[in-house]
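> sharing a model prediction with you, sequence too.
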Amino acid sequence: MSYIKFKVPDKLKTQIKSALNTIAETRDGKIRKGMNEVTKSIERKNAKIIIMAEDVSPPEILFHVPLLCEENDIPYGYVSTKKELGNAVRINIGSSAVSIEEVGARNDNVLDNIIRQLEELKK
């Protein structure tokens, strides 16, 4: 069993990383980093979207995250590596998962297209 529930095309992964970078650049954007923070964000229903890395080891660390997301109707997706995910949210280390709680001013629609495409992939 794996926490990776569907395959995300490379083009969409690039769009996700670009959107994360845009949100990380804004002062009022709010991104939670790491599995513990992401889990809290989901349980408190603050998360708008969850992004996980596909190379997390051991995979059991993130096994509960897609299940929690589905329970709480929170969209989720994947990028290839922890390093890419960390770089996309402007931290110098890899991150297993991130949660977007606030997209920031003037970024209102930055996630709409990505969320729509992720929902299509899950079907």
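Arrived safely, thanks for sending.
> which strands or helices does the helix ranked longest in the chain pack on?
As assigned by DSSP state H, the longest helix anywhere in the chain is helix 10-25. Applying 3 or more Cβ pairs under 8 Å, 6 or more residues apart in numbering; DSSP states H and E, one finds that helix 10-25 makes contact with strand 30-33, strand 76-79, helix 82-88, strand 97-102, helix 112-122. Yep, even glycine has a C-beta here, placed from its N, CA and C like the rest.
> quick check: buried residues in the longest one?
For helix 112-122, the neighbour count (16 or more other Cβ atoms under 10 Å) marks 114-115, 117-118 as buried.
> same question, stretch 33-41
In stretch 33-41, counting by 16+ other Cβ under 10 Å, buried: 33, 35, 37-39, 41.
> now, which of those residues sits nearest Ala19?
Among the buried residues of stretch 33-41, Lys33 lies closest to Ala19 (Cβ to Cβ), at 15.4 Å.
> mind telling me what element the most centrally placed residue in the chain is part of?
Central residue of the chain (Cα atoms, centre = their mean): Ile51, 1.5 Å from the mean position. Per DSSP states H and E, Ile51 falls inside strand 49-53.
> ok, and what's touching that strand?
With contact meaning Cβ atoms under 8 Å, 6 or more residues apart in numbering, strand 49-53 is reached by 3-4, 16, 20, 38, 41-42, 62, 65-66, 69, 74-82, 84-85, 94-100, 111, 114-115, 118.
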